[in-house]
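Engineer: Just a sequence and a predicted model for now, questions to come.
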Amino acid sequence: MKQAESGVPVPELCRGHGMSSASFYKWRAKFGGMDTSMIKRMKELEDENRRLKKMYAEERLKAELRKEALEGKW
């Protein structure tokens, strides 16, 4: 990102790093204007969100199993 901001053409930059221009623009849209600490914090929050969603799904499954067991559908 910093190389592109310093004036390196995007196609040349992408070739040098072995990535597509689409990937570069996707990353720029997501991380543009952020410093390293902000990106790190965002990744930590995404990991925590993923973990919480998994926990929620597991608890919902347990609740559904309890409900079916109480209703005698097993």
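Structural biologist: Noted; the coordinates are in hand.

Engineer: I'd like to know the average pLDDT value across the longest helix seen in the chain.
Structural biologist: Ordering each helix of the chain by length in residues (DSSP state H) puts helix 36-71 first. Averaged across helix 36-71, pLDDT comes to 94.

Engineer: quick one: buried residues of it?
Structural biologist: Residues of helix 36-71 classed as buried: none (neighbour count, 16 or more other CB atoms under 10 Å). Where you see a C-beta, it was placed from the backbone N, CA and C, and this is true even at glycine.

Engineer: got it, and stretch 6-18?
Structural biologist: Neighbour counts over stretch 6-18 (16+ other CB under 10 Å) mark 13, 14 as buried.

Engineer: just how off-centre is it within its chain?
Structural biologist: A distance of 24 Å separates the centroid of the chain from that of stretch 6-18, by CA atoms, centre = their mean, to the nearest Å.

Engineer: same question for it, mean pLDDT?
Structural biologist: Taken as a whole, stretch 6-18 carries a mean pLDDT of 83.

Engineer: Residues touching that stretch, excluding its own?
Structural biologist: 3, 4, 20, 21, 23, 24, 25 (CB atoms under 8 Å, 6 or more residues apart in numbering).

Engineer: Just say helix, strand or coil for the residue nearest to the fourth one when sequence neighbours are not counted.
Structural biologist: Right, residue 21. The shortest distance from residue 21 to any non-neighbouring residue, by CB to CB, 6 or more residues apart in numbering, is to residue 14 (5.2 Å). At residue 14 the chain is in helix, as set by DSSP: H, G, I helix; E, B strand; the rest coil.
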